[in-house]
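Visitor: The following comprises the amino acid sequence and a computationally predicted model.
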Amino acid sequence: MSALSQKHLIGIKHLQKSDLELIFDTAKNFKDVLQRPIKKVPSLRDITIANLFFEDSTRTRISFELAEKRLSADTINFSASGSSVKKGETLLDTVNNILAMKVDMIVMRHSSSGAPAFLAKHINANIINAGDGTHEHPTQGLLDAFSVLEKFGTLKGLNYLIIGDIKHSRVAGSDIPLLLKMGAKVKVTGPPTLIPKYIEELGVTYEPNLRKALEWCDVANVLRIQLERMDIKFIPSLREYSLYYGINKELLDSISKDITIMHPGPINRGVELNSDVADSKQSLVLQQVENGVAIRMAVLYLLAGRG
Ligand code: CP
């Protein structure tokens with residue numbers, strides 16, 4: 001198979017296993033391109049892409065822009081701050097006005113879950129979800145899985161733990177269906193107040209005890225506490241969270257196996273993850289960021305092929 005089953009990338013849940021395999025194979029080829037002295041190919045020379053960021057970002061925004069430039073696309077960048085959104089323009093009006101300038105693809109981050117799915121119903125251009133509210137962050141899920149595949153060769157049978165604020169995490173929203181589709185076993189740990197009520201219906205198990213969960217896993221993905229999405233208090237204090245669920249070297253050294261540590265970023269150092277782990281050989285954090293460019297090149301290239 002050489003084409004994606006979908007015209008848009010709204011969420012991992014819409015993709016088939018064959019789509020995931022195609023994205024990983026394509027990203028592997030683009031990763032080779034990124035090792036060359038000239039890190040650029042002409043694949044999207046005739047395509048114009050708008051990066052619409054209605055919410056803050058460092059990694060995803062730069063990674064998409066770099067991926068577009070490596071593919072020779074023309075890119076425009078939009079931030080809600082400083083735009084006519086501040087004057088009351090609707091999302092659909094904003095996007096339709098940008099598309100009127102002959103833009104072919106939209107990459108969008110938005111604080112509202114469902115905003116990219118809403119757009120996909122109303123416009124013809126390809127939409128890529130760069131993170132929507134607490135729903136999904138599909139390219140983060142893809143780069144996470146790609147980084148694990150690179151290290152372990154397979155996801156089948158791998159024990160994958162996600163730690164922390166699962167309730168507000170769009171990363172967990174994409175990682176969980178992706179890992180399960182690829183044959184990994186997924187467990188979550190964290191304070192009960194930060195675990196969605198029906199988490200086990202997604203096919204994952206919940207282990208409240210961090211040490212027991214760590215003893216089980218091969219890979220642990222540590223999530224940030226998303227204070228900006230909490231309108232009520234879900235934990236007594238960050239200090240208490242860190243005491244019970246923070247990851248540090250002393251804790252990892254007391255576990256009977258070597259665990260690979262991941263984090264989607266941005267890291268709250270000293271809260272969910274200490275520097276003695278984040279910057280250690282056990283950490284995949286910067287490989288995740290590096291792989292993000294190749295994954296986004298693959299997604300852009302394959303979706304452009306779908307027109
Ligand atoms: N991982 C991630 O989405 O980071 P940014 O918020 O910096 O894009």
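Guide: Everything's here; your move. Numbering: from 1, shown residues only.

Visitor: What is the helix or strand that contains Val171 packed up against?
Guide: Element membership of Val171 [criterion: DSSP states H and E] is helix 170-181. Packing contacts for helix 170-181, counted by 3 or more C-beta pairs under 8 Å, 6 or more residues apart in numbering; DSSP states H and E, involve helix 17-34, helix 138-152, strand 159-163, strand 185-189. All C-beta spots, glycine's among them, are computed from the backbone N, C-alpha and C.

Visitor: quick one: buried residues of the first one?
Guide: For helix 17-34, the neighbour count (16 or more other C-beta atoms under 10 Å) marks 19-20, 22-24, 26-27, 30-31, 33-34 as buried.

Visitor: from the residues you listed, which is closest to Asp175?
Guide: Asp175 lies nearest to Leu20 out of the buried residues of helix 17-34, by C-beta to C-beta, at 12.3 Å.

Visitor: for that closest one, what are its contacts?
Guide: Residues counted as contacts of Leu20 (C-beta atoms under 8 Å, 6 or more residues apart in numbering) are 12, 142, 145, 178, 181-182.

Visitor: ok, and which of those reach the ligand?
Guide: Among the contacts of Leu20, no residue is within reach of the ligand (C-beta under 6 Å from any ligand atom).

Visitor: picking up where we left off before, format the helices and strands packed on helix 170-181 as JSON lines; extra columns: mean pLDDT.
Guide: Shown next, in JSON lines, are these (pLDDT from 0 to 100):
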{"stretch": "helix 17-34", "mean pLDDT": "98"}
{"stretch": "helix 138-152", "mean pLDDT": "98"}
{"stretch": "strand 159-163", "mean pLDDT": "98"}
{"stretch": "strand 185-189", "mean pLDDT": "98"}
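
Visitor: In CSV: these, plus distance to Asn96.
Guide: What follows is the helices and strands packed on helix 170-181, written out as CSV (distance: least, C-beta to C-beta, whole Å):
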stretch, distance to Asn96
helix 17-34, 28
helix 138-152, 24
strand 159-163, 37
strand 185-189, 39
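
Visitor: just so I know, which of the ones you listed lies nearest Gly265?
Guide: When these are compared (using C-beta to C-beta), the closest one is helix 138-152, at 9.2 Å.

Visitor: For that closest one, list every residue counted as buried.
Guide: Buried-residue list, helix 138-152, by 16+ other C-beta under 10 Å: 138-149.

Visitor: Which strands or helices does it pack on?
Guide: Partner elements for helix 138-152 (3+ C-beta pairs under 8 Å, 6+ apart): helix 17-34, helix 59-70, strand 126-132, helix 170-181, strand 219-222, strand 260-262, helix 285-306.

Visitor: Specify the angle between it and helix 17-34 in degrees.
Guide: 70 degrees (axes from the mean of the first three to the mean of the last three C-alpha atoms, to 10 degrees).

Visitor: what's the distance between helix 138-152 and the middle of its chain?
Guide: 9 Å (C-alpha atoms, centre = their mean, to the nearest Å).

Visitor: what does the average pLDDT come to for the helix or strand hosting Leu252?
Guide: Leu252 belongs to helix 249-253 when assigned by DSSP H and E. The average pLDDT within helix 249-253 is 98.

Visitor: And it, how far out from the chain middle?
Guide: How far helix 249-253 lies from its chain's middle: 26 Å, per C-alpha atoms, centre = their mean.

Visitor: Quick check: buried residues in that helix?
Guide: Applying 16+ other C-beta under 10 Å to helix 249-253 flags Leu252 as buried.

Visitor: Send over it as PDB, restricted to the C-alpha atoms.
Guide: Extracted C-alpha coordinates of helix 249-253, given in PDB (Å, rounded to 0.1, in the frame of the first residue of the first chain):
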ATOM      1  CA  LYS A 249      17.600   8.800  39.300                       C
ATOM      2  CA  GLU A 250      17.500   7.400  42.800                       C
ATOM      3  CA  LEU A 251      14.100   5.800  42.100                       C
ATOM      4  CA  LEU A 252      15.200   4.400  38.700                       C
ATOM      5  CA  ASP A 253      18.400   3.000  40.200                       C
END
